[in-house]
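In: Quick one, what's the 3D model for this:
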Amino acid sequence: MARSRTMARRTGRALTAPLRQRRWGALRDRWRGWSRWRRALVVLALVAAVPVAALGSLFVSIRLHYSGEPTAEARTRGRDAVWLGHAWVDGRKTEADIEALARQLAGTGVRDLYVHTGPLEHDGSLPPPVHPRARWFTEAAHRALPGVRLQGWLGDEVKPEKNALDLEDAPTRDRITASARQVLDQGFDGVHFDMEPIRPGSAGWLALLDQVHPVTAARGAQLSVAAPQIDPVPGLHTAGILLTDHGKWWDQAYFRETARRVDQIAVMTYDTSMPTEPLYGGYVAKQTELALRATPPEVDLLIGLPFFWDDKWGHWGDAETVPAAVRGVRLGLGRQDPRRTNFGVALYVDFAATPENWAAYRRGWVEV
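Out: Below is the predicted model:
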């Protein structure tokens, strides 16, 4: 029986071979009859279709990360954070503002406040007149917010993309280290670095963390950093730098090298260019999973939430919402490491936050 079927297939192929040959021959003759420009356009269209198909597959994958239901374990662990603007240390805020802040944070999971105490000068120094009320703030906030840690937020733009901080320069790193000591002398419980854009592979950034961490550890203080997003597909950071000369993403290996040098790392999962809520939420879920895999278990990992509104190519306001971000965080945490204790969300930023942002954070992350 098997031999009969094999013979039938062979006979069929033999009978249809002339027809196939005529068909391919006609196509070949038609291709050769086209002009050089027409053939070039067809080749370009086929080449362009490859990355378009790959991009479509990526979007489908991201959207699927938003599917399912979060687990009940995926909620606040009391290790959340808020970025606070410069007004808290330059004289614009009063005791009444600190009391209002205490009421705002009551019943939430917020443990850390990143208080903008810089910016650093391009040489890494921190002029004291930049934060004239820093000591007043730390004393008043410690009284009003017992148990909440205050971290001095220091940052600047970074070379080679910006004509600013040169982290590859040892004297610059020395001045940044002195600035970190200066912040701790003002009564802060830690130092928070947000320096952008740092390209993966920067040895100067890792050397700076190696230099500052012993300083904070000797004071019993925290060293935390704000980190870029991780490549959603391998090698994307390299392609981004080649095509746009901008380092938007880090690879997982460089993220891991940064995380193991600090006490706490917060991923800035906003300004993603995702055009819809499900795509943005799925992107946050994927970033959460990637960051959980790359962060050592003893290091606090926080996922940044957009407590601000913008509407441009890199940040679609109707898509990058707090509810979508919170759901994405919960899905990613539940799938990757639901029992991890040193995990939280970080809210960016206090001066742009709305009551709706705070309500969505409480409803989706705290009061689960």
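In: Every contact and neighbour count from this point should use C-alpha atoms.
Out: OK.
In: Poorly predicted segments of the stretch 151-300 of the chain, please.
Out: Along the stretch 151-300 of the chain, the model assigns pLDDT under 70 to residues 235-247.
In: 90 instead, please
Out: Counting by pLDDT under 90, the ranges of the stretch 151-300 of the chain that qualify are 233-248.
In: Touching, Tyr270 and Gly317? I think so.
Out: No: proximity of Tyr270 to Gly317 does not meet the contact threshold set by Cα atoms under 8 Å, at 10.3 Å.
In: okay, those two: which has more neighbours?
Out: Tyr270 (25 against 20; other Cα atoms under 10 Å).
In: Roughly how far does that one sit from Leu150?
Out: 23 Å (Cα to Cα, to the nearest Å).
In: same deal with Ile62?
Out: Per Cα to Cα, Ile62 is found 35 Å from Leu150.
In: The stretch 51-200 of the chain: strands as residue ranges?
Out: Secondary structure of the stretch 51-200 of the chain (DSSP state E, counting those that start in this stretch): strands at 80-84, 110-116, 149-157, 190-196.
In: Quick one: closest of those strands to Gln229.
Out: Closest approach to Gln229 among the strands of the stretch 51-200 of the chain (Cα to Cα): strand 190-196, 12.0 Å.
In: chain center to the next helix or strand after the closest one, what's the gap?
Out: Counting by DSSP states H and E, the next helix or strand C-terminal to strand 190-196 is helix 203-218. Its chain's average C-alpha position is 21 Å from that of helix 203-218, according to Cα atoms, centre = their mean, to the nearest Å.
In: now do stretch 184-203
Out: The chain centroid and the centroid of stretch 184-203 are separated by 15 Å, computed with Cα atoms, centre = their mean.
In: which other helices and strands contact the host helix or strand of Tyr361?
Out: Assigned by DSSP H and E, Tyr361 belongs to helix 355-361. Identification of packing neighbours for helix 355-361 by 3 or more Cα pairs under 8 Å, 6 or more residues apart in numbering; DSSP states H and E yields helix 322-336.
In: Let's test this: mean pLDDT of the helix it packs on, rounded?
Out: Computed over helix 322-336, the mean pLDDT rounds to 98.
In: Can you name the element that comes right after that helix?
Out: Following helix 322-336 in sequence, per DSSP H and E, is strand 343-348.
In: Which residues does that following strand contact?
Out: Strand 343-348 is contacted from outside by 76-84, 266, 300-308, using Cα atoms under 8 Å, 6 or more residues apart in numbering.
In: what's the answer for stretch 213-231, then?
Out: 151, 181, 189-195, 212, 237, 248-252, 255, 261-269, 287, 290-291.
In: what separates it from the chain centre, distance-wise?
Out: Relative to the mean C-alpha coordinate of its chain, stretch 213-231 is positioned 16 Å out (Cα atoms, centre = their mean).
In: how long is it end to end?
Out: End-to-end for stretch 213-231, by Cα to Cα: 26 Å.
In: buried residues in that stretch?
Out: Neighbour counts using 16 or more other Cα atoms under 10 Å place 213, 215-216, 221-231 of stretch 213-231 among the buried residues.
In: can you redo those residues as a markdown table with distance to Ala353?
Out: Shown next, in a markdown table, are those (distance: Cα to Cα, whole Å):
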| residue | distance to Ala353 |
| --- | --- |
| His213 | 31 |
| Val215 | 33 |
| Thr216 | 30 |
| Ala221 | 28 |
| Gln222 | 25 |
| Leu223 | 25 |
| Ser224 | 22 |
| Val225 | 21 |
| Ala226 | 19 |
| Ala227 | 21 |
| Pro228 | 21 |
| Gln229 | 22 |
| Ile230 | 25 |
| Asp231 | 28 |
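In: residue contacts, the closest residue to Lys159 other than its chain neighbours?
Out: Once flanking residues are discounted, Lys159 sits nearest to Asp166: 5.4 Å by Cα to Cα, 6 or more residues apart in numbering. Contacts for Asp166 were tallied using Cα under 8 Å, 6+ apart; they are 122-123, 158-160, 172.
In: Scan the residues you listed and report the most crowded one.
Out: Ranked by neighbour count (other Cα under 10 Å), the contacts of Asp166 have Thr172 at the top, with 20 neighbours.
In: if I look at the residue nearest to Leu208 when sequence neighbours are not counted, how far off is Gln222?
Out: Leaving aside its chain neighbours, Leu208 sits nearest to Arg173 (5.8 Å; criterion: Cα to Cα, 6+ apart). According to Cα to Cα, Arg173 and Gln222 sit 18 Å apart.
In: now do Glu69
Out: 34 Å.
In: Also Ala291?
Out: Taking Cα to Cα, one finds Ala291 at 20 Å from Gln222.
In: Do I have it right that Thr177 meets Asp210?
Out: No: with contact defined as Cα under 8 Å, Thr177 does not count as touching Asp210 (10.4 Å).
In: out of those two, which sits in the busier spot?
Out: The neighbour comparison of Thr177 against Asp210 (other Cα under 10 Å) goes to Thr177, with 21 against 14.
In: Now do the contacts for the more buried one.
Out: Shown in contact with Thr177 (Cα under 8 Å, 6+ apart): 208, 211-212.
In: Dump the residues you listed to a markdown table, plus distance to Met274 and neighbour count.
Out: Shown next, in a markdown table, are those (distance: Cα to Cα, whole Å; neighbours: other Cα atoms under 10 Å):
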| residue | distance to Met274 | neighbour count |
| --- | --- | --- |
| Leu208 | 33 | 20 |
| Gln211 | 37 | 16 |
| Val212 | 35 | 22 |
